[in-house]
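Chemist: Okay, sequence plus prediction incoming.
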Amino acid sequence: MATPVIIDCDPGIDDAIAILLALASPELDVLAITTVAGNVPLANTTANGLRVLDLARRADVPLAAGATRPLVHVPAGDSSETHGETGLDGSGLPDPSRGPVAEHAIDLIARLALAQPGEIMLAAVGPLTNVALLAALRPEAFAALRGVMVMGGAASGGNMSPYAEFNVWFDPEAAERVLQSGQNVTLVGLDVTRQAILNATDIDALALLPQLGPAVAGMLRFYMRKHVHWYGEEIVYQHDSLAIAQLIDPAILSSRHCHVLVDTGLGPARGATLVDRLGVYGGTPNARWAETVDVERFRSLLLQRLAALAASL
Ligand code: RIB
Ligand code: CA
């Protein structure tokens, strides 16, 4: 029985790969995509989500746009340097064939969650603004979700500051609100996603896939140039795909139930996630924190599923 999922995202190159992985996997039934401002502005993340659905020939999957900005403070920047001004630089994808549905992302998620109480997993792989607004505005619908699988956080070094990971950094108040919600929240942070890599050889192989190859390889090669600049290695981190992969194969990650606190101050550590793995601060556990990853299990799943999707188109 496939798990019904909604993917809330900010495409974003790794978001795009994550969406393709979800669409390629029979273990998941992608009910909808919702978009949020993050890597690039909402108009771009929305158009990019629709571009990816066109690429996968999934006109049946609705896409609804959500929040245009974080809950409280607008951050001094985004990730357009990493993903390009469009958010999908290198993909070469044409403008989308359709627009988003008229429904707001929060209303679409609420409607679907209430129609299938206790069944739908919400995969949140961008800033958590939509998720926090859903929890605040539609608590009964938020509680009807089976759980929230979040790509976010960092316990041993961030990517937007020495402490903060981008999705949490972009809207720390939203992340803290979700962590206070009492929902079944799993955090897949940089500590594991930085091990979830594809390399140049993988990308060369992906480039040969029918239908998907040029766009997938093109955006990953664009994404890789920043990784080479920052890390000096020809690799690309598949942050968002790892969160999706955990929904497909729960053996990929191991996690620990613990208390996680977000620094919502305006100081240098804003957006930091304080992961109390050992319970020394005494806070009630409010999330599962991903600690280990079976890298080869993840890599073979991602590469195999992208190839299967390409062959099906
Ligand atoms: O820190 C990685 C996260 O930030 C990923 O979701 C990536 O898409 C960016 O949004
Ligand atoms: Ca993302």
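Modeler: Cool, the structure landed. Numbers count the residues shown, from 1 in each chain. Ligands and ions are numbered 1, 2, ... in the order given.

Chemist: what comes into contact with stretch 178-187?
Modeler: Stretch 178-187 has contacts (Cβ atoms under 8 Å, 6 or more residues apart in numbering) with 124, 128, 131-132, 135, 142-143, 145-150, 152-153, 246, 255, 260-262, 273, 286-290. The C-beta positions use only the backbone N, C-alpha and C, and glycine is treated the same way.

Chemist: Which residue ranges of the chain form strands?
Modeler: 3-9, 28-35, 63-65, 121-124, 147-151, 185-188, 197-199, 235-237, 253-262, 273-276, 287-293 (DSSP state E).

Chemist: Run through the residues of the stretch 101-250 of the chain sitting next to ligand 1.
Modeler: By the criterion of Cβ under 6 Å from any ligand atom, the positions of the stretch 101-250 of the chain lying close to ligand 1 are Val125, Gly126, Met151, Asn159, Glu165, Phe166, Asn167, His239, Asp240.

Chemist: ok, and the most crowded of the residues you listed?
Modeler: Among those, Asn167 has the most neighbours (other Cβ atoms under 10 Å), with 34 neighbours.

Chemist: Give me the distance between that residue and Arg146.
Modeler: 21 Å (Cβ to Cβ, to the nearest Å).

Chemist: Check Asn286 too.
Modeler: Asn286 is 17 Å from Arg146, by Cβ to Cβ.

Chemist: do the same with Ala67
Modeler: 23 Å.

Chemist: State the distance from Phe4 to Asn48.
Modeler: You called it Phe, but residue 4 is Pro. Per Cβ to Cβ, Pro4 is found 23 Å from Asn48.

Chemist: likewise Val125?
Modeler: For Val125, the distance to Asn48 - Cβ to Cβ - is 13 Å.

Chemist: shared neighbours of those two, anything?
Modeler: Joint contacts of Val125 and Asn48 (Cβ under 8 Å, 6+ apart) are Gly12, Asp15.

Chemist: Only the buried residues of stretch 95-108, if you could.
Modeler: For stretch 95-108, a neighbour-count test (16 or more other Cβ atoms under 10 Å) marks Pro96, Pro100, Glu103, His104, Ala105, Ile106, Asp107, Leu108 as buried.

Chemist: Could you export the strands of the chain to TSV, including columns for distance to Leu55 and mean pLDDT?
Modeler: Formatted as TSV, the strands of the chain follow (distance: least, Cβ to Cβ, whole Å; pLDDT from 0 to 100):
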stretch	distance to Leu55	mean pLDDT
strand 3-9	15	99
strand 28-35	13	99
strand 63-65	13	99
strand 121-124	19	99
strand 147-151	21	99
strand 185-188	24	98
strand 197-199	18	97
strand 235-237	18	96
strand 253-262	27	98
strand 273-276	33	98
strand 287-293	27	98
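
Chemist: Dump those into CSV; add distance to ligand 2 as well.
Modeler: Putting the strands of the chain into CSV (distance: least, Cβ to the ion, whole Å) gives the following:
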stretch, distance to ligand 2
strand 3-9, 6
strand 28-35, 10
strand 63-65, 15
strand 121-124, 9
strand 147-151, 6
strand 185-188, 11
strand 197-199, 16
strand 235-237, 11
strand 253-262, 17
strand 273-276, 16
strand 287-293, 16
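
Chemist: Neighbours of Pro75, how many?
Modeler: Pro75, neighbours per other Cβ under 10 Å, totals 17.

Chemist: lowest-confidence helix or strand of this protein?
Modeler: When the helices and strands of the chain are scored by mean pLDDT, DSSP states H and E, helix 80-83 comes last with a mean of 90.

Chemist: Quick check: which helices or strands does it pack against?
Modeler: Applying 3 or more Cβ pairs under 8 Å, 6 or more residues apart in numbering; DSSP states H and E, one finds that helix 80-83 contacts helix 213-231.

Chemist: any bit of the helix it packs on sitting next to ligand 2?
Modeler: No. Judged by Cβ under 5 Å from the ion, helix 213-231 stays clear of ligand 2, getting no closer than 11.7 Å.

Chemist: what mean pLDDT does that helix have?
Modeler: Average pLDDT, helix 213-231: 94.

Chemist: contact partners of it?
Modeler: Under Cβ under 8 Å, 6+ apart, the answer for helix 213-231 is 13-14, 16-17, 20, 55, 81-84, 88-93, 198, 200, 203-204, 206-207, 209, 233-237, 306, 310.

Chemist: buried residues in that helix?
Modeler: Buried-residue list, helix 213-231, by 16+ other Cβ under 10 Å: 213-224, 226-227.

Chemist: and what of stretch 1-12?
Modeler: For stretch 1-12, by 16+ other Cβ under 10 Å, it's Pro4, Val5, Ile6, Ile7, Asp8, Cys9, Asp10, Pro11, Gly12.
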